[in-house]
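K.L.:
Can you look at this prediction? I've put the sequence above it.
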Amino acid sequence: MLSLLVVLAAAPVPVSLEQYDPEKPLQRADYEGRSLRELTLLRNISYARAGNPFRRKWLNVWFTKQKWYEPREVMDESLLTDTARANADALGAYESSLTAEELTKRRDAVRARVKVKATPEDEIELRLLSVRLGGWAGEGAAPADLNALEDPTKLDKLLKLSDLDDYSPRDLKLLRNTVFARRGRPFKTPLVQGHFKTVAWYKADAEYKDARLTAIDKKNVQLILSLENKLRPPKDEPPDAFYTAA
């Protein structure tokens, strides 16, 4: 009994969202097993400390409530230390490592909780799971306001600029590649590969050609890319250099 108590006492206590300091190296125990919502918040604290303005509404709401958060028109990347970047990258890598099987287990757990009592946190979690799994993760009819990452069938129609109001630069990159993924395009960069490996409907086709894109596909890609370039102009850096933000 005494040895068990010693082990329990020595077990690391995961850092809370409010107490997390991105200037201190994260331990795996700090994030392993956390919800997608919590992982997203932890990952973005590094960027929030540098004044990143959040386009995702739920992220903006959470960070606006933090007394230390001072958004800038454009994030000051010089305020991102090596430790803060390394922490965000570790969180992003962990998120990408989650398998479809693990995400499905998480989905089922959230569904069970929602049947008893739905919380705002669980509603956000279902939306995030929908993005990772490639379709509505809840039970019953999907909410009418699902975006095109949560419900890719919305890409069957022309997007409007206002449809992209809630997308971060990272989201926009994933959405643009969703257009290609629906036609079977294989991917090479870690961000995009990690995302689509858990999307239920995605099947890479080695024979893929851009000729498969429809007129609607092409116009949607042009719209998404124009906003990407406006929010984050192309830089001479690796293609996934900014993949952990938002």
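P.N.:
Yes, it's here.
K.L.:
Could you report the neighbour count for the closest residue to residue 142 other than its chain neighbours?
P.N.:
Distance criterion CB to CB, 6 or more residues apart in numbering; nearest residue to residue 142, sequence neighbours excluded, is residue 136 at 3.7 Å. Glycine gets a C-beta too; all of them are placed from N, C-alpha and C. Residues within reach of residue 136, counting by other CB atoms under 10 Å, total 17.
K.L.:
Could I get the contacting residues of residue 136?
P.N.:
Contacts for residue 136 (CB atoms under 8 Å, 6 or more residues apart in numbering) come out as 130, 142-143, 146, 150-151.
K.L.:
again, only using 7 Å
P.N.:
The contact partners of residue 136, by CB atoms under 7 Å, 6 or more residues apart in numbering, come to 130, 142, 146, 150-151.
K.L.:
Need the residues you listed in a markdown table (columns: secondary structure, distance to residue 23 and pLDDT).
P.N.:
What follows is those, written out as a markdown table (DSSP: H, G, I helix; E, B strand; the rest coil; distance: CB to CB, whole Å; pLDDT from 0 to 100):
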| residue | secondary structure | distance to residue 23 | pLDDT |
| --- | --- | --- | --- |
| 130 | helix | 33 | 98 |
| 142 | coil | 40 | 93 |
| 146 | coil | 37 | 96 |
| 150 | coil | 34 | 97 |
| 151 | coil | 38 | 97 |
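K.L.:
In a markdown table, list those residues along with distance to residue 227 and neighbour count.
P.N.:
Conversion of these to a markdown table gives the following (distance: CB to CB, whole Å; neighbours: other CB atoms under 10 Å):
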| residue | distance to residue 227 | neighbour count |
| --- | --- | --- |
| 130 | 22 | 22 |
| 142 | 25 | 16 |
| 146 | 19 | 18 |
| 150 | 18 | 22 |
| 151 | 19 | 18 |
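K.L.:
now, which of these sits nearest residue 228?
P.N.:
Proximity of these to residue 228 (CB to CB) peaks at residue 150, which lies at 18.9 Å.
K.L.:
In this structure that closest one contacts residue 127, no?
P.N.:
Yes: between residue 150 and residue 127 there is a contact under CB atoms under 7 Å: 5.7 Å.
K.L.:
ok, and the residue nearest to residue 142, which helix or strand is that part of?
P.N.:
Using DSSP states H and E, no element contains residue 136; it sits outside every helix and strand.
K.L.:
Show me this protein divided up by domain.
P.N.:
Per automatic domain parsing, the domain ranges recorded for the chain read 25-97, 100-137, 145-233+242-246.
K.L.:
want to throw the ones you listed into a markdown table with distance to residue 15?
P.N.:
Output for the domains of the chain, formatted as a markdown table (distance: least, CB to CB, whole Å):
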| stretch | distance to residue 15 |
| --- | --- |
| domain 25-97 | 5 |
| domain 100-137 | 18 |
| domain 145-233+242-246 | 18 |
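K.L.:
Nothing else from me, thank you.
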